[in-house]
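Enquirer: next input, structure requested:
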Amino acid sequence: MMQRRTWLKLGAVSATVLILAGGTVALLQPGLQQGRLSPGAQDVFTSVGRAILDGTLPKEPAANQAALAGLIERIDALVQALPPHAQEELSQLLALLETGVGRRTLAGLASDWRSASVMEVQQALQSMRSSRLGLRLQSYQALHEIVGAAYFSDASTWPALGYPGPLKI
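Expert: Got it, this is the predicted structure:
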C-alpha cells in the first residue's frame with residue numbers, strides 16, 4: 001500500500017512533467033496563432049461550447065452550427081482584446097488541451113474534442129470544476145468564463161436568459 005507521501009511525490013512529479021510537456025507543446029504548436037484560435041483550439045471551444053450551452057443552443061442543425069460559428073468568432077474577438085500575458089497563458093492552456101496527453105490529464109477526456117459527446121465533455125468539465133488540483137480548476141474557470149462571455153455577448157442570445165436588453169430611454 002502506497003503511503004501518502006509517495007502519492008504526493010507522484011502527484012508533484014506528474015504535474016511537473018505535464019507542465020514541462022505543455023510548455024514544449026505550446027512552443028511548438030501554440031493554441032493561438034497571430035492572436036486567433038488555432039484549428040485545434042477552435043475544436044476545444046466548439047466542444048466545450050456545446051457542453052456548457054447544452055439546452056441553450058438552437059436545436060435545428062443549421063442554426064446550431066451558425067450559433068457555434070458565431071461563438072468562435074466572438075471568442076476570437078475576446079482573445080484579441082486580452083492583454084499579451086493573458087493571451088500567452090490561454091495559448092499554452094489550449095495547446096496543452098489539444099494534445100491527447102493534455103486532454104486526458106487536464107480535462108480527463110479520453111475522446112478527442114471533435115468526436116467527444118456532449119455528455120463526455122460535460123463529465124470532463126465537471127471533473128475539472130470539482131478538482132482539488134488548482135491547474136484543473138483554473139482551466140475549467142477560464143473555459144467556462146470565455147464561453148459564457150462570448151456567447152451571451154450577442155444580443156440574439158439574450159432571450160434564452162430572459163434578458164430583454166438594455167432599457168430604452
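Enquirer: rest of the way, CA atoms for contacts and neighbours
Expert: Noted.
Enquirer: all helices of this structure, in order?
Expert: 4-28, 39-52, 61-81, 84-98, 100-102, 118-129, 134-152, 158-161 (DSSP state H).
Enquirer: any idea which of those scores lowest on pLDDT?
Expert: Mean pLDDT across those is lowest at helix 4-28; the value there is a mean of 54.
Enquirer: what sits against the residue most central in space within the chain?
Expert: Compute the mean C-alpha point of the chain, and by CA atoms, centre = their mean the closest residue is Leu143, 3.6 Å away. Taking CA atoms under 8 Å, 6 or more residues apart in numbering as the criterion, Leu143 is in contact with Phe45, Val48.
Enquirer: with Thr56 instead?
Expert: Ala160.
Enquirer: from Ala67, how far out is it?
Expert: Thr56 sits 10 Å away from Ala67, going by CA to CA, to the nearest Å.
Enquirer: hmm, back to that, looking at the helices of the chain, which is closest to Gly108?
Expert: Minimum separation from Gly108 across the helices of the chain (CA to CA) falls at helix 118-129, 5.4 Å.
Enquirer: run through who's touching the closest one.
Expert: Contact partners of helix 118-129, identified using CA under 8 Å, 6+ apart, comprise 47-48, 50-52, 54, 106-109, 136-137, 139-141.
Enquirer: redo that, cut-off 10 Å
Expert: With contact meaning CA atoms under 10 Å, 6 or more residues apart in numbering, helix 118-129 is reached by 44, 47-54, 103-104, 106-113, 116-117, 131, 134-141, 143-144.
Enquirer: try stretch 69-86
Expert: The contact list for stretch 69-86 (CA under 10 Å, 6+ apart) reads 32, 34-38, 41-43, 45-46, 49, 63-68, 87-88, 90-92, 146-154.
Enquirer: go again with 8 Å.
Expert: When contacts are defined by CA under 8 Å, 6+ apart, stretch 69-86 is touched by residues Gly35, Arg36, Leu37, Gln42, Phe45, Thr46, Gly49, Gln87, Ile146, Val147, Ala150, Tyr151.
Enquirer: what comes up buried for that stretch?
Expert: Buried positions in stretch 69-86, judged by neighbour count with 16 or more other CA atoms under 10 Å: Leu71, Ile72, Glu73, Arg74, Ile75, Asp76, Val79, Gln80.
Enquirer: now do it: distance to the chain's middle.
Expert: 12 Å (CA atoms, centre = their mean, to the nearest Å).
Enquirer: so what's the residue count around the residue lying closest to Gly49 once chain neighbours are set aside?
Expert: Nearest residue to Gly49, sequence neighbours excluded (CA to CA, 6 or more residues apart in numbering): Val147, at 6.0 Å. Val147 has 23 neighbouring residues, counting by other CA atoms under 10 Å.
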